[in-house]
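Undergrad: Give the three-dimensional model of this entry:
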Amino acid sequence: MRIFLRHGIAATLALALFGCGPGEPQSPGGAPQVRRLTEEQYRQVIADLFGKDIKVAGHFDPLNRTDGLLEIGASRAAITSSAFEQYDLIARQVAAQVVDADHREVLVPCSPASDSAPDAACAKAFFARIGPLLYRRPLEAKTLERLVDVSGVAAASVHDFYAGLAFGLAGMLETPEFLFVADYTEPDPDRPGGHRLDAYSRASRLSFLLWDTMPDAALMKAAQDGDLNSKRGLRRQVDRMLASPRLDAGVRAFFSDMLGFDTFDTLAKDPIIYPAFVQSVADDAQEQTLRTITNLLIANKGDYRDLFTTRDTVMSGPLGLLYDVPVTKPDGWVPYRFPDDDPRAGIITQLSFVALHSHPGRSSATLRGKAVREIFLCQKVPDPPGNVNFALVQDTKNPNYKTARQRLTAHRSAPTCAGCHKIMDPMGLALENFDGAGQYRTVENDVPIDASGEVDGVKFQGAAELGKVVHDNPVTTSCLVNRLYGYAVGRPPVAGEKDWMKYLQAGFAENGYRVPDLLRLIATSDAFYAIAPAGAQSASEPSPTGARS
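TA: Numbers count the residues shown, from 1 in each chain. The predicted structure follows:
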């Protein structure tokens, strides 16, 4: 057992982390949440349950990013009539594949007496097996009976047992019980008059946080046996899940959300200005960053802050063209380390960041600086007034203002612009050596680029030194804690969770800013499963210390 001696909270943190006693501050919890499955979660559940060769084809309504995360937006998402039509189409296609001749022998646990007639016993065996996994809790007897009846009627009408089975399965895939992850509560025996998440809701929270998918059979059994309601049983499951290779998927899902990678779906670059930025580059740019993150944080159990200074990454053939790096394996990924004197260091210098936060035909110091502030420091930058004139900034051919720094200096001379640009531009201008596609350059319009800056009294020169500034800023780690907890519970921290959030931040620091340890601290805590009494205040907690509201 690791012994912490440096801070007064050390003893209580150690006790809480290893289950030796009390120490975690009480949390009032938040209201129960109902979150719509994300597109990736839907796809992953289908792959986990039926196999990766089952195709999920169709359009998913986008979620609205809320408090920096789609996963929080999912708790406020509804399903429109047009979206339901798409879910119906997807469900029918999935169900047809599950029972087709290529899959039925594996996915249907029995053979009917006749392929052309209903078979209640076989249908019941099928739905009894998949129902609890799809709904993430035991099927009620009346629900199982209804599924068997519906599939039987359909089978009789078309004289096809498997078509009837597909009809029943498609119906399951369209129900709120599948499409939404709902928090079910029960009376809390330790708090008279209070409520807590039931065991199956605890299992879902765990699984979607750590693996970004439905609970597996072992987690469902732990819920059924009551193990998840005990500290020892909960720790056993959390440790098992953190040790699984599937943790990579959960960490990738969180950072994809935090980094806004969903916007790659609409990212466009001018093919005349940036002919090398093709779809394979956009795809590989995301993958490069996610592999950098999981290699550092999961495989090497590294310090989260080092994501902003690391020179270790991976490289693919398409990316090598834009990074100007020779890649000997053009059809796969190879480890790569940028030289110590290279201007690139950390994920904010990778294509996934500098290209995503740029315009179609030019770079944008403002967009990049805004992204650093909002994504990594949780500092909300106000939107510009509706009457702002951007003509000067957009005119890259103006002979009087040849560089972005010159254009922005002239633009922010207006009082309405100066305040916001002051907190965005110094960071963004440090990234001006990367054009709108992320390629390195030293000049703009034949004028040398000045990539110096100053933030909060700290001066820096270029992108690599900016990464060190972000690395050293204490708000960087408190922001990550805020983001991860909001992602885990589907809401921002509530007003009464101030002490709990400080406890999480202190625990993160004590454990060397290692994300798996932060996940364990959250997943084994009482706060993660706490439910506030009906009518309790649920206002959002202010941003981390030092952040702008």
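
Undergrad: Which helix or strand contains the residue nearest the centre of the chain?
TA: When the chain is reduced to its mean C-alpha position, the closest residue under CA atoms, centre = their mean turns out to be Phe254, at 2.4 Å. Secondary structure from DSSP states H and E places Phe254 in helix 247-258.

Undergrad: before we move on, back to that, without its sequence neighbours, what residue ends up closest to the residue nearest to the centre of the chain?
TA: Of all residues beyond its chain neighbours, the one nearest Phe254 is Tyr487 (5.5 Å), with distances taken as CB to CB, 6 or more residues apart in numbering. Backbone N, C-alpha and C define where each C-beta goes, glycine included.

Undergrad: hang on, that neighbour is in a helix, isn't it?
TA: Yes - the assignment for Tyr487 is a helix, going by DSSP: H, G, I helix; E, B strand; the rest coil.

Undergrad: Buried residues in stretch 215-234, which are they?
TA: Buried residues in stretch 215-234, defined by neighbour count with 16 or more other CB atoms under 10 Å: 215-216, 219-220, 222-223, 227-229, 233-234.

Undergrad: which outside residues touch it?
TA: By CB atoms under 8 Å, 6 or more residues apart in numbering, the residues outside stretch 215-234 that reach it are 19, 48, 132-133, 136, 138, 199-200, 202-204, 206-207, 236-237, 240-241, 523-524.

Undergrad: Next: stretch 235-242.
TA: By CB under 8 Å, 6+ apart, stretch 235-242 touches 19, 206-207, 210-211, 218-219, 222, 227-228, 247, 516, 519-520, 523-524.

Undergrad: which among these gets closest to Thr442?
TA: Pro516 (39.8 Å; CB to CB).

Undergrad: Contacts only, for the closest one.
TA: Neighbours of Pro516 in contact, by CB under 8 Å, 6+ apart: 242, 247, 297-298, 301.

Undergrad: Could you list the low-confidence segments of this protein?
TA: Scanning the chain for pLDDT under 70 picks out the ranges 1-22, 384-402, 404-405, 408-423, 534-549.

Undergrad: what's the domain layout of it?
TA: 36-181, 255-472 (automatic domain parsing).

Undergrad: Mean neighbour count for those domains - can I get that in TSV?
TA: Converted to TSV, those look like this (neighbours: other CB atoms under 10 Å):
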stretch	mean neighbour count
domain 36-181	18
domain 255-472	18
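
Undergrad: closest to Phe508 out of those domains?
TA: Nearest of the domains of the chain to Phe508, taken as CB to CB: domain 255-472 at 7.9 Å.

Undergrad: gap between the closest one and the chain center?
TA: Put simply, domain 255-472 sits 20 Å off its chain's centre (CA atoms, centre = their mean, to the nearest Å).

Undergrad: ok, now stretch 220-233?
TA: Between the centre of stretch 220-233 and the centre of its chain there are 26 Å (CA atoms, centre = their mean).

Undergrad: now stretch 27-39
TA: 15 Å.

Undergrad: cool, and stretch 193-202?
TA: 24 Å.

Undergrad: returning to what we had before: so which of the buried residues of stretch 215-234 sit within helices?
TA: 219-220, 222-223, 233-234 (DSSP state H).

Undergrad: which two in the residues you listed are spaced the farthest apart?
TA: Greatest spatial distance in those: Met220 and Leu234, 14.4 Å, computed using CB to CB.

Undergrad: residue boundaries of the strands in the stretch 1-150 of the chain?
TA: With strands called from DSSP state E, counting those that start in this stretch, the stretch 1-150 of the chain shows them at 34-36.

Undergrad: ok, back up a step: could you dump the domains of the chain into JSON lines with distance to Lys498 added?
TA: JSON lines is the format used below for the domains of the chain (distance: least, CB to CB, whole Å):
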{"stretch": "domain 36-181", "distance to Lys498": "16"}
{"stretch": "domain 255-472", "distance to Lys498": "15"}
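
Undergrad: what sits against Leu165?
TA: Neighbour list for Leu165: 95, 99, 108, 123, 126, 151, 155 [criterion: CB under 8 Å, 6+ apart].

Undergrad: mind redoing it with 10 Å?
TA: Contacts for Leu165 (CB atoms under 10 Å, 6 or more residues apart in numbering) come out as 95, 98-99, 104, 107-108, 112, 118-119, 122-123, 126-127, 147-148, 151-152, 154-155.

Undergrad: Which single one of the contacts of stretch 235-242 is nearest to Glu174?
TA: Closest approach to Glu174 among the contacts of stretch 235-242 (CB to CB): Ser207, at 21.8 Å.

Undergrad: Next, count neighbours for the closest one.
TA: Ser207 has 23 neighbouring residues, counting by other CB atoms under 10 Å.

Undergrad: is it true that it touches Ala488?
TA: No - under the criterion of CB atoms under 10 Å, Ser207 is not in contact with Ala488, lying 11.6 Å apart.

Undergrad: returning to what we had before: list just the nearest of the contacts of Pro516 to Pro176.
TA: Nearest member of the contacts of Pro516 to Pro176, counting by CB to CB, is Leu247, at 28.7 Å.

Undergrad: Neighbours of the closest one, how many?
TA: Neighbour tally, Leu247, other CB under 10 Å: 20.

Undergrad: how far away is it from Thr294?
TA: 9 Å (CB to CB, to the nearest Å).

Undergrad: tell me, what's touching the two both at once?
TA: With CB under 10 Å, 6+ apart as the test, Leu247 and Thr294 both reach Val515.

Undergrad: And the helix or strand that Ala154 is a member of, how far out from the chain middle?
TA: In this assignment (DSSP H and E), Ala154 forms part of helix 141-158. Counting by CA atoms, centre = their mean, helix 141-158 is centred 38 Å from the centre of its parent chain.

Undergrad: next one: stretch 179-192
TA: 24 Å.

Undergrad: Now do the contacts for Thr289.
TA: Here Thr289 is in contact with 252, 255-256, 259, 261, 307, 313-314, 347-348, 350-353, 356 (CB under 10 Å, 6+ apart).

Undergrad: Specify which member of the residues you listed is nearest to Met424.
TA: For those, the nearest to Met424 is Ile348 (13.7 Å; CB to CB).

Undergrad: Find the nearest non-adjacent residue to the closest one, please.
TA: According to CB to CB, 6+ apart, the nearest residue to Ile348 is Gly467 (5.9 Å).

Undergrad: what about the one you found, distance to Pro335?
TA: 20 Å.

Undergrad: same question, Arg368
TA: On the measure of CB to CB, Arg368 and Pro335 end up 27 Å apart.

Undergrad: How about Ala371?
TA: 27 Å.

Undergrad: what does Glu85 give?
TA: Distance from Glu85 to Pro335, by CB to CB: 46 Å.

Undergrad: can you check Phe84 too?
TA: 46 Å.

Undergrad: His195 now?
TA: Taken as CB to CB, the span from His195 to Pro335 is 50 Å.

Undergrad: again with Tyr87
TA: On the measure of CB to CB, Tyr87 and Pro335 end up 41 Å apart.

Undergrad: where's the closest residue to Pro109 other than its chain neighbours relative to Val34, distance?
TA: Nearest residue to Pro109, sequence neighbours excluded (CB to CB, 6+ apart): Ala125, at 5.3 Å. According to CB to CB, Ala125 and Val34 sit 31 Å apart.

Undergrad: Need phi/psi at Cys110.
TA: phi -160, psi 170 (degrees, to the nearest 10).
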